[in-house]
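> Predicted structure and sequence below. I'll ask about it afterward.
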Amino acid sequence: MLPVVAGLLLAVAAGGRGAAAGDQESPPGSRFVCTSLPLDAAGAGCPLPSVLIQGSALPPEEELKATVLQLRETVLQQKETIGSQREAIRELTGKLSRCESADGKSAPGTWKKELAKGKDTMGDLPRDPAQVIDQLSRTMQTLKDRLESLEHQLRANVSYAALPNDLREMLQRRLGDLERQLLSKVAELEDEKSLLHNETSAHRQRTETALNALLERVSELEKGNSAFKSPDEFKVSLPLRTNYLYGKIKKTLPELYAFTVCLWLRSSASPGIGTPFSYAVPGQANEIVLIEWGNNPIELLINDKVAQLPLFISDGKWHHICITWTTRDGMWEAFQDGEKLGTGENLAPWHPIKPGGVLILGQEQDTVGGRFDATQAFVGEMSQFNIWDRVLKAEDIMNIANCSTNMPGNIIPWVDNNVDVFGGATKWPVETCEERLLDL
(Lines give C-alpha, C1' and ligand atoms only; values in the text may rest on other atoms or scores of the structure.)
Protein backbone atom coordinates (compact mmCIF):
# COMPACT_ATOMS: atom_id res chain seq x y z
CA MET A 1 0.00 0.00 0.00
CA LEU A 2 2.92 2.43 0.56
CA PRO A 3 3.83 2.45 -3.15
CA VAL A 4 0.23 3.45 -3.95
CA VAL A 5 0.32 6.36 -1.43
CA ALA A 6 3.62 7.52 -2.86
CA GLY A 7 2.15 7.51 -6.31
CA LEU A 8 -0.81 9.57 -5.15
CA LEU A 9 1.45 12.17 -3.51
CA LEU A 10 3.31 12.57 -6.76
CA ALA A 11 0.01 13.03 -8.53
CA VAL A 12 -0.99 15.84 -6.13
CA ALA A 13 2.34 17.53 -6.68
CA ALA A 14 1.62 17.61 -10.42
CA GLY A 15 -1.74 19.38 -9.98
CA GLY A 16 -1.43 21.23 -13.21
CA ARG A 17 -2.01 18.03 -15.12
CA GLY A 18 -5.21 17.33 -13.24
CA ALA A 19 -6.66 20.83 -13.92
CA ALA A 20 -6.58 20.16 -17.64
CA ALA A 21 -8.96 17.31 -17.22
CA GLY A 22 -11.12 19.08 -14.64
CA ASP A 23 -14.12 19.34 -16.93
CA GLN A 24 -14.51 15.50 -17.19
CA GLU A 25 -16.48 13.86 -14.47
CA SER A 26 -15.93 10.26 -13.51
CA PRO A 27 -18.99 8.11 -13.61
CA PRO A 28 -20.29 7.06 -10.23
CA GLY A 29 -18.99 3.73 -8.96
CA SER A 30 -15.82 3.81 -11.05
CA ARG A 31 -12.80 1.77 -9.92
CA PHE A 32 -9.18 2.77 -10.15
CA VAL A 33 -6.09 0.66 -10.33
CA CYS A 34 -2.70 2.41 -10.02
CA THR A 35 0.60 0.83 -10.79
CA SER A 36 3.28 1.08 -8.11
CA LEU A 37 6.46 2.88 -9.09
CA PRO A 38 9.73 3.32 -7.33
CA LEU A 39 10.00 6.42 -5.14
CA ASP A 40 12.84 7.85 -7.16
CA ALA A 41 11.04 7.58 -10.48
CA ALA A 42 11.01 10.94 -12.31
CA GLY A 43 7.79 12.36 -13.69
CA ALA A 44 5.82 9.41 -12.53
CA GLY A 45 2.16 9.85 -11.87
CA CYS A 46 -1.07 8.05 -11.48
CA PRO A 47 -3.94 9.36 -13.60
CA LEU A 48 -6.88 9.97 -11.31
CA PRO A 49 -10.34 11.14 -12.12
CA SER A 50 -10.45 14.92 -12.38
CA VAL A 51 -13.38 15.22 -10.09
CA LEU A 52 -11.22 14.31 -7.20
CA ILE A 53 -8.86 17.24 -7.74
CA GLN A 54 -10.46 19.93 -9.84
CA GLY A 55 -13.27 21.97 -8.28
CA SER A 56 -12.74 20.49 -4.86
CA ALA A 57 -12.65 22.90 -1.98
CA LEU A 58 -11.05 20.27 0.29
CA PRO A 59 -7.47 20.66 1.27
CA PRO A 60 -4.91 18.25 -0.25
CA GLU A 61 -4.67 16.13 2.86
CA GLU A 62 -8.40 15.51 2.87
CA GLU A 63 -8.43 14.78 -0.83
CA LEU A 64 -5.56 12.34 -0.36
CA LYS A 65 -7.36 10.68 2.50
CA ALA A 66 -10.56 10.39 0.45
CA THR A 67 -8.60 8.91 -2.44
CA VAL A 68 -6.94 6.39 -0.13
CA LEU A 69 -10.34 5.35 1.26
CA GLN A 70 -11.77 5.03 -2.22
CA LEU A 71 -8.79 2.94 -3.29
CA ARG A 72 -9.20 0.76 -0.22
CA GLU A 73 -12.83 0.16 -1.09
CA THR A 74 -11.78 -0.70 -4.61
CA VAL A 75 -9.21 -3.19 -3.30
CA LEU A 76 -11.78 -4.75 -0.95
CA GLN A 77 -14.31 -5.07 -3.77
CA GLN A 78 -11.64 -6.72 -5.92
CA LYS A 79 -10.83 -9.11 -3.08
CA GLU A 80 -14.50 -9.98 -2.71
CA THR A 81 -14.79 -10.56 -6.44
CA ILE A 82 -11.68 -12.72 -6.46
CA GLY A 83 -12.96 -14.61 -3.37
CA SER A 84 -16.34 -15.32 -4.98
CA GLN A 85 -14.63 -16.42 -8.18
CA ARG A 86 -12.33 -18.65 -6.17
CA GLU A 87 -15.35 -20.22 -4.47
CA ALA A 88 -16.92 -20.85 -7.85
CA ILE A 89 -13.66 -22.32 -9.15
CA ARG A 90 -13.33 -24.47 -6.01
CA GLU A 91 -16.89 -25.79 -6.43
CA LEU A 92 -16.34 -26.51 -10.11
CA THR A 93 -13.01 -28.13 -9.27
CA GLY A 94 -14.74 -30.43 -6.76
CA LYS A 95 -17.35 -31.42 -9.33
CA LEU A 96 -14.67 -31.97 -11.93
CA SER A 97 -12.65 -34.10 -9.53
CA ARG A 98 -15.68 -36.25 -8.77
CA CYS A 99 -16.43 -36.68 -12.45
CA GLU A 100 -12.83 -37.50 -13.26
CA SER A 101 -12.61 -39.95 -10.36
CA ALA A 102 -15.83 -41.62 -11.56
CA ASP A 103 -14.47 -41.79 -15.10
CA GLY A 104 -11.13 -43.23 -13.98
CA LYS A 105 -9.39 -42.11 -17.13
CA SER A 106 -7.85 -38.83 -16.08
CA ALA A 107 -5.88 -38.54 -12.87
CA PRO A 108 -6.95 -35.92 -10.31
CA GLY A 109 -5.18 -32.64 -10.76
CA THR A 110 -4.68 -32.99 -14.51
CA TRP A 111 -6.58 -29.82 -15.34
CA LYS A 112 -4.60 -27.97 -12.67
CA LYS A 113 -1.42 -29.00 -14.37
CA GLU A 114 -2.76 -27.87 -17.71
CA LEU A 115 -3.85 -24.54 -16.29
CA ALA A 116 -0.49 -24.16 -14.62
CA LYS A 117 1.10 -24.01 -18.03
CA GLY A 118 -0.49 -20.60 -18.66
CA LYS A 119 1.02 -17.34 -17.69
CA ASP A 120 -1.79 -15.78 -15.61
CA THR A 121 -2.89 -18.53 -13.23
CA MET A 122 -4.39 -18.30 -9.79
CA GLY A 123 -0.88 -18.04 -8.38
CA ASP A 124 -0.08 -15.15 -10.72
CA LEU A 125 -3.28 -13.10 -11.15
CA PRO A 126 -3.11 -10.03 -13.30
CA ARG A 127 -3.51 -6.78 -11.49
CA ASP A 128 -6.08 -5.42 -13.94
CA PRO A 129 -9.63 -6.37 -12.83
CA ALA A 130 -10.74 -6.68 -16.44
CA GLN A 131 -7.96 -9.16 -17.10
CA VAL A 132 -8.84 -11.03 -13.89
CA ILE A 133 -12.48 -11.28 -14.97
CA ASP A 134 -11.46 -12.28 -18.48
CA GLN A 135 -9.07 -14.91 -17.12
CA LEU A 136 -11.75 -16.19 -14.78
CA SER A 137 -14.22 -16.33 -17.64
CA ARG A 138 -11.81 -18.30 -19.74
CA THR A 139 -11.11 -20.60 -16.80
CA MET A 140 -14.82 -21.13 -16.25
CA GLN A 141 -15.31 -21.82 -19.94
CA THR A 142 -12.44 -24.28 -19.86
CA LEU A 143 -13.95 -25.99 -16.87
CA LYS A 144 -17.35 -26.03 -18.58
CA ASP A 145 -15.80 -27.54 -21.71
CA ARG A 146 -14.03 -30.18 -19.66
CA LEU A 147 -17.27 -30.97 -17.83
CA GLU A 148 -19.08 -31.39 -21.14
CA SER A 149 -16.23 -33.54 -22.41
CA LEU A 150 -16.40 -35.67 -19.29
CA GLU A 151 -20.17 -36.00 -19.70
CA HIS A 152 -19.69 -37.12 -23.31
CA GLN A 153 -17.02 -39.57 -22.22
CA LEU A 154 -19.21 -40.80 -19.39
CA ARG A 155 -22.13 -41.31 -21.78
CA ALA A 156 -19.80 -43.04 -24.19
CA ASN A 157 -18.52 -45.26 -21.39
CA VAL A 158 -22.05 -46.05 -20.38
CA SER A 159 -22.93 -46.94 -23.95
CA TYR A 160 -19.84 -49.12 -24.29
CA ALA A 161 -20.40 -50.73 -20.90
CA ALA A 162 -23.31 -52.69 -22.37
CA LEU A 163 -20.95 -54.79 -24.46
CA PRO A 164 -18.90 -56.14 -21.51
CA ASN A 165 -22.18 -56.90 -19.75
CA ASP A 166 -23.28 -58.92 -22.78
CA LEU A 167 -19.94 -60.66 -22.85
CA ARG A 168 -20.17 -61.21 -19.14
CA GLU A 169 -23.60 -62.79 -19.48
CA MET A 170 -22.38 -64.95 -22.35
CA LEU A 171 -19.33 -66.02 -20.33
CA GLN A 172 -21.55 -66.78 -17.36
CA ARG A 173 -23.74 -68.93 -19.58
CA ARG A 174 -20.66 -70.68 -20.94
CA LEU A 175 -19.31 -71.17 -17.45
CA GLY A 176 -22.68 -72.53 -16.35
CA ASP A 177 -22.68 -75.00 -19.24
CA LEU A 178 -19.10 -76.04 -18.48
CA GLU A 179 -19.96 -76.42 -14.82
CA ARG A 180 -22.93 -78.64 -15.67
CA GLN A 181 -20.77 -80.72 -18.03
CA LEU A 182 -18.10 -81.00 -15.35
CA LEU A 183 -20.64 -82.09 -12.76
CA SER A 184 -22.03 -84.63 -15.22
CA LYS A 185 -18.53 -85.97 -15.91
CA VAL A 186 -17.80 -86.14 -12.20
CA ALA A 187 -21.04 -88.06 -11.70
CA GLU A 188 -20.07 -90.47 -14.49
CA LEU A 189 -16.64 -90.94 -12.95
CA GLU A 190 -18.23 -91.57 -9.58
CA ASP A 191 -20.50 -94.18 -11.18
CA GLU A 192 -17.54 -95.81 -12.91
CA LYS A 193 -15.61 -95.73 -9.66
CA SER A 194 -18.53 -97.34 -7.89
CA LEU A 195 -18.82 -100.00 -10.59
CA LEU A 196 -15.07 -100.59 -10.47
CA HIS A 197 -15.25 -100.83 -6.70
CA ASN A 198 -18.10 -103.31 -7.01
CA GLU A 199 -16.17 -105.34 -9.60
CA THR A 200 -13.07 -105.22 -7.43
CA SER A 201 -15.12 -106.29 -4.44
CA ALA A 202 -16.67 -109.10 -6.47
CA HIS A 203 -13.23 -110.18 -7.72
CA ARG A 204 -11.88 -110.01 -4.20
CA GLN A 205 -14.82 -112.04 -2.98
CA ARG A 206 -14.27 -114.64 -5.70
CA THR A 207 -10.57 -114.77 -4.85
CA GLU A 208 -11.31 -115.13 -1.17
CA THR A 209 -13.86 -117.84 -1.97
CA ALA A 210 -11.29 -119.71 -4.05
CA LEU A 211 -8.68 -119.34 -1.33
CA ASN A 212 -11.14 -120.53 1.28
CA ALA A 213 -11.96 -123.50 -0.93
CA LEU A 214 -8.27 -124.26 -1.25
CA LEU A 215 -7.81 -123.94 2.49
CA GLU A 216 -10.73 -126.25 3.06
CA ARG A 217 -9.24 -128.67 0.54
CA VAL A 218 -5.88 -128.51 2.29
CA SER A 219 -7.62 -129.10 5.61
CA GLU A 220 -9.45 -132.06 4.11
CA LEU A 221 -6.19 -133.40 2.73
CA GLU A 222 -4.52 -132.95 6.08
CA LYS A 223 -7.40 -134.73 7.74
CA GLY A 224 -7.33 -137.36 5.04
CA ASN A 225 -3.59 -137.82 5.45
CA SER A 226 -4.01 -138.27 9.14
CA ALA A 227 -6.79 -140.73 8.39
CA PHE A 228 -4.61 -143.03 6.28
CA LYS A 229 -5.17 -146.67 7.11
CA SER A 230 -1.44 -146.86 7.73
CA PRO A 231 1.17 -144.08 8.05
CA ASP A 232 2.89 -145.43 4.93
CA GLU A 233 -0.18 -145.91 2.73
CA PHE A 234 -0.02 -142.69 0.76
CA LYS A 235 1.50 -141.43 -2.46
CA VAL A 236 2.99 -138.12 -3.65
CA SER A 237 1.57 -136.81 -6.92
CA LEU A 238 3.67 -134.53 -9.16
CA PRO A 239 1.47 -134.00 -12.25
CA LEU A 240 3.39 -131.20 -14.02
CA ARG A 241 6.91 -130.75 -15.29
CA THR A 242 7.79 -127.55 -13.42
CA ASN A 243 10.56 -126.31 -11.18
CA TYR A 244 8.32 -125.70 -8.18
CA LEU A 245 6.45 -128.98 -7.58
CA TYR A 246 8.39 -131.24 -5.26
CA GLY A 247 8.43 -133.18 -2.02
CA LYS A 248 10.98 -132.96 0.73
CA ILE A 249 12.10 -135.57 3.24
CA LYS A 250 12.38 -133.98 6.65
CA LYS A 251 15.11 -136.31 7.89
CA THR A 252 18.61 -136.29 6.53
CA LEU A 253 21.15 -139.02 5.96
CA PRO A 254 24.04 -139.95 8.23
CA GLU A 255 27.40 -140.86 6.83
CA LEU A 256 26.89 -144.03 4.81
CA TYR A 257 29.25 -146.60 3.41
CA ALA A 258 26.45 -148.61 1.86
CA PHE A 259 22.73 -148.09 1.22
CA THR A 260 19.62 -149.52 -0.40
CA VAL A 261 16.92 -147.26 -1.85
CA CYS A 262 13.52 -148.72 -2.77
CA LEU A 263 10.36 -146.98 -4.01
CA TRP A 264 7.20 -147.46 -5.96
CA LEU A 265 6.68 -145.12 -8.90
CA ARG A 266 4.41 -144.65 -11.90
CA SER A 267 5.11 -142.36 -14.84
CA SER A 268 4.34 -142.07 -18.51
CA ALA A 269 6.30 -138.87 -19.11
CA SER A 270 8.25 -138.58 -22.34
CA PRO A 271 11.02 -138.05 -23.05
CA GLY A 272 12.37 -139.28 -19.75
CA ILE A 273 10.60 -139.52 -16.43
CA GLY A 274 12.87 -136.89 -14.86
CA THR A 275 14.39 -137.12 -11.37
CA PRO A 276 12.56 -139.34 -8.85
CA PHE A 277 14.90 -138.21 -6.03
CA SER A 278 18.17 -136.38 -5.37
CA TYR A 279 20.40 -135.94 -2.34
CA ALA A 280 22.70 -132.88 -2.17
CA VAL A 281 25.29 -131.88 0.42
CA PRO A 282 27.39 -128.72 0.71
CA GLY A 283 30.05 -128.84 -1.95
CA GLN A 284 28.36 -131.64 -3.93
CA ALA A 285 24.88 -131.22 -5.40
CA ASN A 286 25.00 -134.72 -6.99
CA GLU A 287 25.84 -136.80 -3.95
CA ILE A 288 23.07 -139.30 -4.82
CA VAL A 289 20.78 -138.80 -7.85
CA LEU A 290 18.44 -141.08 -9.78
CA ILE A 291 17.50 -139.45 -13.11
CA GLU A 292 16.16 -140.20 -16.57
CA TRP A 293 16.75 -137.11 -18.69
CA GLY A 294 15.64 -136.86 -22.30
CA ASN A 295 16.27 -139.98 -24.34
CA ASN A 296 19.10 -141.15 -22.06
CA PRO A 297 18.68 -144.28 -19.95
CA ILE A 298 18.10 -144.05 -16.22
CA GLU A 299 21.31 -143.05 -14.46
CA LEU A 300 22.56 -143.36 -10.90
CA LEU A 301 24.94 -140.59 -9.79
CA ILE A 302 27.07 -140.93 -6.65
CA ASN A 303 29.49 -138.10 -5.90
CA ASP A 304 28.86 -136.95 -9.47
CA LYS A 305 30.01 -140.33 -10.86
CA VAL A 306 27.57 -141.99 -13.28
CA ALA A 307 26.31 -145.55 -13.84
CA GLN A 308 23.58 -146.34 -16.39
CA LEU A 309 20.84 -148.65 -15.10
CA PRO A 310 18.90 -151.11 -17.29
CA LEU A 311 15.47 -150.03 -16.03
CA PHE A 312 12.35 -149.31 -18.14
CA ILE A 313 9.51 -147.78 -16.20
CA SER A 314 7.88 -145.08 -18.38
CA ASP A 315 4.87 -147.12 -19.39
CA GLY A 316 2.40 -145.47 -17.02
CA LYS A 317 2.21 -148.50 -14.67
CA TRP A 318 3.30 -148.97 -11.09
CA HIS A 319 6.83 -150.36 -10.79
CA HIS A 320 8.91 -151.25 -7.78
CA ILE A 321 12.53 -150.03 -8.06
CA CYS A 322 15.44 -150.90 -5.74
CA ILE A 323 19.08 -149.77 -5.99
CA THR A 324 21.94 -150.96 -3.80
CA TRP A 325 25.45 -149.51 -3.48
CA THR A 326 28.52 -150.05 -1.35
CA THR A 327 31.66 -147.98 -1.12
CA ARG A 328 33.81 -151.10 -1.35
CA ASP A 329 34.82 -151.26 -5.02
CA GLY A 330 31.80 -149.05 -5.80
CA MET A 331 29.51 -152.08 -6.36
CA TRP A 332 25.88 -151.38 -7.36
CA GLU A 333 22.76 -153.42 -8.24
CA ALA A 334 19.47 -152.48 -9.94
CA PHE A 335 16.12 -154.25 -9.31
CA GLN A 336 12.79 -153.74 -11.08
CA ASP A 337 9.64 -155.40 -9.73
CA GLY A 338 11.76 -157.68 -7.54
CA GLU A 339 14.11 -158.86 -10.32
CA LYS A 340 17.77 -157.90 -10.60
CA LEU A 341 18.26 -156.38 -14.05
CA GLY A 342 21.78 -155.03 -13.74
CA THR A 343 24.93 -154.81 -11.64
CA GLY A 344 28.24 -153.01 -11.83
CA GLU A 345 31.23 -151.69 -9.94
CA ASN A 346 33.68 -148.79 -9.71
CA LEU A 347 30.92 -146.27 -9.01
CA ALA A 348 32.59 -143.75 -6.65
CA PRO A 349 34.57 -146.51 -4.89
CA TRP A 350 35.68 -145.87 -1.33
CA HIS A 351 33.65 -142.67 -1.18
CA PRO A 352 31.46 -142.43 1.91
CA ILE A 353 28.07 -140.70 1.52
CA LYS A 354 28.34 -137.37 3.29
CA PRO A 355 25.83 -136.59 6.04
CA GLY A 356 23.61 -133.57 6.68
CA GLY A 357 22.34 -133.07 3.15
CA VAL A 358 18.87 -132.41 1.72
CA LEU A 359 16.72 -135.15 0.21
CA ILE A 360 14.27 -133.96 -2.46
CA LEU A 361 11.56 -135.94 -4.26
CA GLY A 362 10.80 -135.01 -7.88
CA GLN A 363 13.59 -132.46 -8.57
CA GLU A 364 17.32 -132.45 -9.33
CA GLN A 365 19.25 -130.01 -7.15
CA ASP A 366 21.93 -127.73 -8.56
CA THR A 367 22.47 -126.29 -5.11
CA VAL A 368 21.54 -127.70 -1.74
CA GLY A 369 17.76 -127.60 -1.60
CA GLY A 370 17.22 -125.47 -4.72
CA ARG A 371 17.92 -124.28 -8.26
CA PHE A 372 15.61 -126.81 -9.81
CA ASP A 373 15.45 -127.34 -13.57
CA ALA A 374 11.96 -127.97 -14.98
CA THR A 375 13.38 -130.16 -17.78
CA GLN A 376 14.74 -132.53 -15.13
CA ALA A 377 11.58 -132.62 -12.99
CA PHE A 378 9.82 -135.93 -12.32
CA VAL A 379 6.26 -136.24 -13.67
CA GLY A 380 4.15 -138.97 -12.12
CA GLU A 381 3.45 -140.55 -8.72
CA MET A 382 5.64 -142.26 -6.15
CA SER A 383 5.20 -144.09 -2.86
CA GLN A 384 7.01 -146.22 -0.31
CA PHE A 385 10.33 -144.38 -0.58
CA ASN A 386 12.62 -146.09 1.96
CA ILE A 387 16.37 -146.03 2.59
CA TRP A 388 18.45 -148.52 4.54
CA ASP A 389 22.05 -148.19 5.61
CA ARG A 390 22.99 -151.58 4.20
CA VAL A 391 22.64 -153.67 1.07
CA LEU A 392 19.41 -155.66 1.23
CA LYS A 393 19.34 -159.22 0.11
CA ALA A 394 17.68 -160.05 -3.18
CA GLU A 395 15.10 -162.15 -1.28
CA ASP A 396 14.06 -159.19 0.87
CA ILE A 397 13.72 -157.02 -2.19
CA MET A 398 11.54 -159.61 -3.88
CA ASN A 399 9.25 -159.89 -0.84
CA ILE A 400 8.83 -156.12 -0.74
CA ALA A 401 8.03 -156.00 -4.45
CA ASN A 402 5.47 -158.83 -4.09
CA CYS A 403 3.86 -157.04 -1.10
CA SER A 404 4.48 -160.11 1.01
CA THR A 405 6.40 -158.17 3.65
CA ASN A 406 6.46 -154.66 5.01
CA MET A 407 10.00 -153.50 5.73
CA PRO A 408 10.34 -149.74 6.43
CA GLY A 409 13.75 -148.14 5.89
CA ASN A 410 15.84 -147.89 9.04
CA ILE A 411 17.36 -144.57 7.88
CA ILE A 412 14.48 -143.00 5.92
CA PRO A 413 11.08 -144.64 6.42
CA TRP A 414 8.03 -143.76 4.30
CA VAL A 415 5.73 -142.15 6.83
CA ASP A 416 3.33 -139.26 6.43
CA ASN A 417 4.87 -136.91 8.98
CA ASN A 418 8.31 -137.24 7.37
CA VAL A 419 7.28 -135.93 3.92
CA ASP A 420 6.35 -132.36 3.02
CA VAL A 421 5.04 -131.30 -0.38
CA PHE A 422 5.39 -127.91 -2.07
CA GLY A 423 4.25 -125.94 -5.12
CA GLY A 424 1.04 -127.89 -5.75
CA ALA A 425 2.35 -131.39 -5.17
CA THR A 426 -0.19 -133.46 -3.24
CA LYS A 427 -0.38 -136.50 -1.02
CA TRP A 428 -3.13 -139.05 -1.55
CA PRO A 429 -4.02 -142.32 0.16
CA VAL A 430 -3.03 -145.35 -1.84
CA GLU A 431 -2.46 -149.07 -1.58
CA THR A 432 0.23 -149.66 -4.17
CA CYS A 433 -0.05 -153.40 -4.19
CA GLU A 434 -3.79 -153.29 -4.96
CA GLU A 435 -3.28 -150.68 -7.65
CA ARG A 436 -0.43 -152.74 -9.09
CA LEU A 437 -2.79 -155.68 -9.42
CA LEU A 438 -5.16 -153.39 -11.34
CA ASP A 439 -2.31 -152.51 -13.72
CA LEU A 440 -1.65 -156.19 -14.51
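Here it is on my side, so go on. Bear in mind that the values here come from a model prediction, so they are computed numbers and not experimental data. Numbering: from 1, shown residues only.

> Where do the helices of this protein begin and end?
For the chain, applying DSSP state H gives helices covering 2-13, 15-20, 60-103, 110-116, 129-226, 394-401, 432-439.

> Test for you: state the pLDDT assigned to the residue nearest to residue 409 when sequence neighbours are not counted.
Spatial nearest neighbour of residue 409, excluding adjacent residues (CB to CB, 6 or more residues apart in numbering): residue 386 at 3.2 Å. For every residue, glycine as well, the C-beta is placed using N, CA and C. Looking at residue 386, its pLDDT is 95.

> Quick check: residue 386 vs residue 92, distance?
126 Å (CB to CB, to the nearest Å).

> the more surrounded of those two?
residue 386 (21 against 18; other CB atoms under 10 Å).

> rewinding a little: my guess is the residue nearest to residue 409 contacts residue 251. True?
No: taking contacts as CB atoms under 8 Å, residue 386 lies outside contact range of residue 251: 11.7 Å.

> got any residues that touch both of those two?
Common neighbours of residue 386 and residue 251, counting by CB atoms under 8 Å, 6 or more residues apart in numbering, are residue 412.

> shaky segments in this structure?
1-58, 100-137, 139-141, 143-144, 146-168, 217, 219-231, 435-440 (pLDDT under 70).

> Give me the neighbour count for residue 242.
Neighbours around residue 242, by other CB under 10 Å: 17.

> burial of the closest residue to it other than its chain neighbours, as a residue count?
Distances taken as CB to CB, 6+ apart place residue 374 nearest to residue 242, at 5.3 Å, with adjacent residues excluded. Neighbour count of residue 374, defined by other CB under 10 Å: 13.

> same deal with residue 80?
10.

> That one and residue 86: what is the separation?
Counting by CB to CB - residue 80 and residue 86 are separated by 10 Å.

> hang on, the residue nearest to residue 242 packs against residue 243?
Yes: Residue 374 is in contact with residue 243 according to CB under 8 Å; the separation is 4.3 Å.

> Please list all residues in contact with residue 330.
302, 305, 345-351.

> Quickly name whichever of those is closest to residue 358.
residue 302 (16.2 Å; CB to CB).

> partner residues bridging that closest one?
Beta bridges link residue 302 to residue 288, residue 305, judged by DSSP bridges.

> residues touching the residue nearest to residue 409, list them.
Applying CB under 8 Å, 6+ apart, the residues near residue 386 are 261-263, 407-409, 412-414.

> ok, now residue 343?
331-334.

> switch to 10 Å and redo it
By CB atoms under 10 Å, 6 or more residues apart in numbering, residue 343 lies in contact with 307, 309-310, 324, 331-335.

> In the residues you listed, which residue is surrounded by the most others?
Busiest of those [other CB under 10 Å] is residue 335, holding 25 neighbours.

> With residue 281 as the reference, measure out to that one.
26 Å.

> picking up where we left off before, shared neighbours, residue 374 and residue 243?
With CB under 10 Å, 6+ apart as the test, residue 374 and residue 243 both reach residue 363.

> how many other residues sit next to residue 363?
Neighbours around residue 363, by other CB under 10 Å: 31.

> For it, which residues are in contact?
Contacts of residue 363 by CB under 10 Å, 6+ apart are 238, 242-248, 274-278, 369-374, 376-378, 422-423, 425.

> and the two most separated of the contacts of residue 330?
Spanning the widest gap among the contacts of residue 330 are 345 and 351, at 13.1 Å by CB to CB.

> Which residue of those two possesses the greater neighbour count?
A count of neighbours by other CB under 10 Å puts residue 351 above the other of residue 345 and residue 351, at 16 against 12.

> What backbone torsions are found at the more buried one?
For residue 351, the backbone dihedrals (degrees, to the nearest 10) come out as phi -100, psi 110.

> Surely it touches residue 305?
Yes: Residue 351 is within contact range of residue 305, at 8.0 Å (criterion: CB atoms under 10 Å).

> can you tell me which residues contact the residue nearest to residue 242?
By CB under 10 Å, 6+ apart, the contact list for residue 374 reads 240-245, 274, 363.

> so of those residues, which ones are in strands?
Taking DSSP state E, the ones among the contacts of residue 374 that sit in strands are residue 274.

> May I see the PyMOL selection of the buried members of the contacts of residue 374?
Buried members of the contacts of residue 374, defined by 16 or more other CB atoms under 10 Å, are picked up in PyMOL with:
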select buried, resi 241+242+243+245+274+363
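
> returning to what we had before: distance of the residue nearest to residue 242 from residue 305?
25 Å.

> Also residue 240?
Distance of residue 240 to residue 305, given as CB to CB: 31 Å.

> What residues are bridge-paired with the residue nearest to residue 247 when sequence neighbours are not counted?
Distances taken as CB to CB, 6+ apart put residue 361 closest to residue 247, at 3.6 Å, once the chain neighbours are dropped. Note on residue 361: beta-bridge partners residue 247, residue 277, judged by DSSP bridges.

> what's the neighbour count on residue 361?
24.

> List the contacts of it.
Residues in contact with residue 361 (CB under 10 Å, 6+ apart) are 236, 238, 245-249, 263, 265, 275-278, 378, 382, 385, 419-421, 425.

> Kindly recompute the last result at 7 Å.
Going by CB atoms under 7 Å, 6 or more residues apart in numbering, residue 361 touches 236, 246-247, 249, 277, 382, 385.

> how much space is there between it and residue 72?
Distance, residue 361 to residue 72, using CB to CB: 139 Å.

> Please apply the same query to residue 332.
156 Å.

> Give me the phi and psi for residue 303.
Residue torsions, per degrees, to the nearest 10, at residue 303 are phi 50, psi 40.

> quick one: it and residue 281 touch, right?
No: counting by CB atoms under 7 Å, residue 303 does not reach residue 281; the two are 9.6 Å apart.

> Assess the claim that residue 310 and residue 336 are in contact.
No: checked against CB under 7 Å, the pair residue 310 and residue 336 is beyond contact range at 8.4 Å.
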